[in-house]
Structures are given as C-alpha cells and as structure tokens.
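> The sequence and its predicted three-dimensional model are supplied below.
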Amino acid sequence: MDKVKQQISACLDGELSSGETQLLLKRLERDVEHRDTLARYVLLGEAMRDGLAPACLDGSFADSVASRVSGELRSALTSPVWAGKFRRILVGSGVAAAVALLAIASMQNVVLEGTQVDLNADNEAAPISYTVPEPPAQVSSYMVGSGRQAGMARNSSWARVVAAGFVKQVEVMEPVEIQKDAAASLAVESPPPEKRP
Amino acid sequence: MADESGDWDLVQRVQGGDKAAFDVLVLKYQHKIVNLVMRYVQDPVESLDVAQEAFIKAYRALPSFRGDSAFYTWLYRIAINTAKNYLVARKRRPLDYDLDLQDPQQYDMDSRLSDAETPEGHVLGEEIRLVVSDAIEGLPKDLRTAIVLREIEGMSYEEIAREMDCPVGTVRSRIFRARDAIDKLLRPLLD
C-alpha cells in the first residue's frame, strides 16, 4: 500500500495529524505526481456528487492560481511599503553621487573662485568661455545638502569628497563637450533652502 | 467536523506562509467555486477568471480570517461577492434567484453542469462520471460503503467507524483503498 497516497487521502478528509500534514505538504510541493493524485481524488469525489467543473479537469486552473499566489509572495517581498524608504535613499544617493562625480570631473579642468576661463585656449573650434560661479561653498553646501537628503551624514566621507571637489584648478586641459556642459550646469543660482522636517 | 478542522489546520499553515497548504485548499474546492461562479457569470472563460480572482482575494484576506466560520463557507461568500462585483462592473444583471440564501453544502449537492460549458469538457465530464460510477459498483461492499458515507454523506472517519462498527484506522484504510481502485480506472482517461 502506498503510504503517501494514503496520507493524501486522509489529508483530503481533514483526518491527517498535524505532523503528517506538514511532511505531506513539503512532499506535494516538490512532487507533481502526488499533487496530481490529490487532484484526482478530489475529482472522483466531485464526480460522485455530480459536481464536476469541466474547466478544472486538466489541472490548469489550480496551476494558474498557484502561479498567481507565487506572484503575490514575490510582490510582498518587494512591497513598496517598506522598500520605498530604501529605494528613495538609494536613488537620492545615486543622483547625488552622479552629480558629484560630474562636478569633480569638470572641476579638474577649470579654475574656480570667480576667474575667467577661456576654454578655447587650446582649441579654436570650440568658442566658449564662462565665469565660474562663486562662491564654490554655495554649490558644495547644496551638494552636501542633497547628500544629507539622500541619507548621507554631513561629515560623511562622501560629503567631504563632494566639498573637496570644489578646490582650485589643478591644470587646464583641452575642453571636451561634456565638460563644457558640466561647467554650464554649474552656473546656477542659490539652491533652494533645504526643507526641514 | 474533521473536514473543517482539517481545513483550519491548512488555513493556519497558509497564515504562517505555507503556500503549499493553500494549493491543497484550491485543489479541494476548485470545482465547487468554479461551478458556483458559473451560475452567475455563465461564460466559461470569464467564470474561470472570476473564480481565480476569488481564490486570490481569499489568499490575500486569509491573514485576517479567524475561523469564526468554516473555511469553505467563508470562501463561498467571497466567490459570490466577486462574481456579483464582476457582473456589476460589466453592467450585467445578476440572476433572479439569490444563491446567497442557499446553504453552501446543500448547493453542492444540487449543482448541475452549466449549459455554457464546452462540448469537449462536457463529454469528458460525462465519461469521468460513468467510469467512477462503474468503479464504485465494482468495489467490495465495505469499501463502497466507506467511500459513499464519506463522499456523499460527508461523514467523518469517526462517524463512519461508528456506523460500520470498525476502528477509525480501518475506515481510513478502506476509504483510501476505494479511492485507489477508482483512481486506477480514472487515470488513463485523464493522461
């Protein structure tokens, strides 16, 4: 006599002990054949009661529900209720880091603190010049503020890197398009006041 | 009743995160719920969607299910509400008679196949009924009595044991042997 099939039969009738049920459920989860046996035992009972639903004969209905239940579990694990907070911090940090890197990359090629820079010094094909906005502390405080909004501590290493990016020019290099754009983006007015909770 | 206590055990496991337990509940009640929904919705394809939605709603609501009623009674109500809401959304008038007033168990005994089902499904359903009917007629008397008392009368193993004047373990064995014998004839039809 197949012991597992007997347990399936008893489980269907609500007559299986709790311990046996636990073991059987694990078995049903990994063994399709035993799951099909359960489905057929249900089917023969419904046939006896003249309660068959032909749409349920091929097993696809229960499979569809099981698939959707698995989807529900996955959604619960990535629920916006608790993942949103982390997502906001990650996004904010990502934006702040990207802007900081862009600023650092562009600052390596220009002179700061209000001096006029001619980016065309070594490139006649790119007629552009601009005045670097001052004070750099405003921009760095904006960057630090953004970082703080994104979860970075004021004195965190990231904040120090951002502030350190606004130092005096190291050397003037041949300008490239992205650097000109980055420089133009630095010509900003005072950042909006940081919202306090 | 053992069936209800068995369902409650499965419900508690689902509440603890065991989706295999919910799968068992779906397998157990899928025919009843699909037939119930089809009485409202009529269309076979739409009925499957609505019935599926009813099970998913039940799954989502299970954490708050306290067992004040039998699980199937609770599921039955969810299925009816889901079907009614679907009809309202589709601007179809519900049927004149109200299935809400029927006892869920009694409804199951009186259910009939809907005319909206596909011919192929209907034919297979009839074949299955014939095979099962013939198989039961061919069972030894003690096995036939046990399976009929269980599946038609809905008696618990303990009640059947008293009726047949035998131990509960013997009832469990007889019911299984009856199912196994019928299943051997049924399986080729479904493979």
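Alright, I've got the coordinates.
> When you work out contacts or count neighbours from here on, use the C-alpha atoms and nothing else.
OK.
> Now the host helix or strand of A:Ala62 - C-alpha only, PDB.
According to DSSP states H and E, A:Ala62 maps onto helix A:60-77. C-alpha atoms of helix A:60-77 as PDB (Å, rounded to 0.1, in the frame of the first residue of the first chain):
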ATOM      1  CA  SER A  60      -4.600  24.300 -15.500                       C
ATOM      2  CA  PHE A  61      -7.000  26.200 -13.100                       C
ATOM      3  CA  ALA A  62      -5.200  25.200  -9.900                       C
ATOM      4  CA  ASP A  63      -1.800  25.800 -11.700                       C
ATOM      5  CA  SER A  64      -2.900  29.300 -12.600                       C
ATOM      6  CA  VAL A  65      -3.900  30.100  -9.100                       C
ATOM      7  CA  ALA A  66      -0.700  28.700  -7.700                       C
ATOM      8  CA  SER A  67       1.300  30.800 -10.100                       C
ATOM      9  CA  ARG A  68      -0.600  33.900  -9.000                       C
ATOM     10  CA  VAL A  69      -0.100  33.100  -5.400                       C
ATOM     11  CA  SER A  70       3.700  32.800  -6.000                       C
ATOM     12  CA  GLY A  71       3.500  36.300  -7.600                       C
ATOM     13  CA  GLU A  72       1.700  37.600  -4.600                       C
ATOM     14  CA  LEU A  73       4.500  36.300  -2.400                       C
ATOM     15  CA  ARG A  74       7.100  38.000  -4.600                       C
ATOM     16  CA  SER A  75       5.200  41.200  -4.500                       C
ATOM     17  CA  ALA A  76       5.000  41.100  -0.700                       C
ATOM     18  CA  LEU A  77       8.800  40.700  -0.500                       C
END
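> Run through who's touching stretch A:13-32.
By C-alpha atoms under 8 Å, 6 or more residues apart in numbering or on different chains, the residues outside stretch A:13-32 that reach it are A:4, A:7-8, A:10-11, A:34-35, B:2-7, B:9, B:20-21, B:156-157.
> Which among those residues count as buried?
A:7-8, A:10-11, A:34-35, B:2-7, B:9, B:20-21, B:156-157 (16 or more other C-alpha atoms under 10 Å in any protein chain shown).
> tell me, what residue is most central in chain B?
For chain B, the residue nearest the mean C-alpha position is B:Tyr29 (3.6 Å; C-alpha atoms, centre = their mean).
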